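Enquirer: Mind looking at a prediction? Sequence and model below.
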Amino acid sequence: MRNIFAISLAVIGGAIGFILGMTIGFGVNLTSPMALYGLAAVLAIIGGLGLSKVSPFIDSQDASTQKALTVLCAIIAVILLLMMMVTMTMLNTYFNL
């Protein structure tokens with residue numbers, strides 16, 4: 001249960017970092033897809049590693065709360081991954097890759 005929670009938190013942190021990286025990249029007018037994706041990847045790694053450090057928090061909760069938090073985080077992680085897939089498809093179309 002704790003491993004699923006940690007993985008979900010890492011995916012959520014990575015997706016948030018990726019979105020921030022894309023936003024910052026477009027904000028400073030990065031026109032190279034390699035630079036844009038590179039910035040997003042670095043922030044995704046930082047976000048994923050940073051948020052996964054919160055996973056020991058689940059140990060202090062009772063069993064039903066642990067299950068609810070794990071399911072909620074897993075659902076959010078799947079939704080964010082699907083959103084990232086759509087975003088990458090749109091960006092590949094935008095950059096004509």
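Expert: In hand now; what should we look at?

Enquirer: What residue, apart from its backbone neighbours, is nearest the residue nearest in space to the middle of the chain spatially?
Expert: Central residue of the chain (C-alpha atoms, centre = their mean): Ala15, 1.7 Å from the mean position. If you skip the residues right next to it in sequence, Ala15 has Leu80 as its closest partner in space, 3.7 Å away by C-beta to C-beta, 6 or more residues apart in numbering. Heads up, the C-betas are built off the backbone N, CA and C, glycines and all.

Enquirer: Leu51: which element?
Expert: helix 33-52 (DSSP states H and E).

Enquirer: Following that helix in sequence, what is the next regular element?
Expert: Downstream of helix 33-52 (by DSSP H and E), the next one is helix 63-94.

Enquirer: neighbours of the residue nearest to Ala15, just the number please.
Expert: By the other C-beta atoms under 10 Å criterion, the neighbourhood of Leu80 contains 19 residues.

Enquirer: wait, what's in contact with Met1?
Expert: Residues near Met1 by C-beta atoms under 8 Å, 6 or more residues apart in numbering: 58, 66-67, 70.

Enquirer: ok, back up a step: wouldn't the residue nearest to the centre of the chain be in contact with Ala77 here?
Expert: Yes: assessed by C-beta atoms under 8 Å, Ala15 is found in contact with Ala77 at 7.5 Å.

Enquirer: Count the residues that sit near the closest residue to Gly13 other than its chain neighbours.
Expert: In space, and not counting its chain neighbours, Gly13 is closest to Leu51: 2.9 Å by C-beta to C-beta, 6+ apart. For Leu51, the tally of surrounding residues (other C-beta under 10 Å) stands at 21.
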